[in-house]
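K.L.:
need a structure here:
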Amino acid sequence: MDFINPLANNYTQAYSNVTPSYLKSLYEETLSTHEHGHLQSSWTQGGFLSFISKMLSPTHILEIGSFIGFSALCLAEGLTDNGELHTIELREEDAKKAQTAFDINPRSKQLYMHVGAAKEIIPTLNKKWDLIFIDADKTSYIDYYNLVLPLLNDKGIIIVDNVLFHGEVLEDSIKGKSAKAIQAFNEHVLSDPSTEQVMLTIRDGLTLIRKK
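P.N.:
The predicted model follows:
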């Protein structure tokens with residue numbers, strides 16, 4: 001779901017060209033056929049993830065919340081030749097769709113799908129991460145952040161999605177469990193003296209976080 005003016009979203013998409021073109025069919029099919037297609041990263045947001053990944057040239061990428069694999073494949077664009085992307089999805093059906101997309105990708109051997117609860121899976125991976133993308137259940141964002149921050153390389157970046165939560169965090173009285181959780185997360189990150197962050201008004205809001 002887009003919070004930013006749709007005309008602005010359409011304009012930025014028209015003047016952005018970094019999103020991998022081969023993903024267009026996967027992206028459009030998900031929007032048109034998946035019951036929760038609105039959960040997918042927007043086309044321009046996918047390009048942003050790809051752009052950041054290419055800048056960092058990460059060896060290890062962690063994604064919390066795979067959905068159908070579009071964002072993971074965008075993130076994978078910057079992987080080093082010996083790099084790995086590990087993505088975690090709770091819903092088995094979505095994980096299967098993502099795996100299908102991974103299997104036909106030239107980087108398939110570098111993409112690892114994990115099905116289950118992220119808080120249980122992450123400690124088993126034994127990795128230090130160069131790039132982390134958090135886009136899963138909003139009520140666990142603080143837990144995810146606290147869990148992965150010690151595992152982030154010194155020059156690594158955490159990207160967090162939905163930090164504007166459809167504009168609900170802008171209300172005088174924030175209602176809804178997820179909106180309240182996002183507001184609490186935003187406050188938590190802002191008050192962390194060990195990191196610095198910038199919040200961007202891309203789609204539903206993205207926050208980029210790095211260690212000081």
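
K.L.:
Low-confidence ranges, this protein, go.
P.N.:
1-3 (pLDDT under 70).

K.L.:
Do you have the strands of it handy? List them.
P.N.:
Remark: strands assigned in the chain by DSSP state E are 60-64, 84-89, 111-115, 129-134, 152-161, 195-200, 206-211.

K.L.:
Just the buried residues of the third one, please?
P.N.:
Residues of strand 111-115 classed as buried: 111, 113-115 (neighbour count, 16 or more other C-beta atoms under 10 Å). From N, CA and C alone the C-beta is placed, and that goes for glycine too.

K.L.:
any idea which of these is closest to residue 85?
P.N.:
Nearest to residue 85 out of the buried residues of strand 111-115 is residue 111 (C-beta to C-beta; 5.3 Å).

K.L.:
how much space is there between residue 21 and residue 69?
P.N.:
With distances taken as C-beta to C-beta, to the nearest Å, residue 21 is found 16 Å from residue 69.

K.L.:
More neighbours: which of those two?
P.N.:
residue 69 (27 against 8; other C-beta atoms under 10 Å).

K.L.:
Give me the nearest residue to the more buried one, chain neighbours excluded.
P.N.:
residue 98 (3.2 Å; C-beta to C-beta, 6 or more residues apart in numbering).

K.L.:
residues in contact with stretch 113-128?
P.N.:
60, 62, 64-66, 84, 86-90, 92, 95, 98-99, 102, 136, 140, 143-144, 147-148, 151-153, 156 (C-beta atoms under 8 Å, 6 or more residues apart in numbering).
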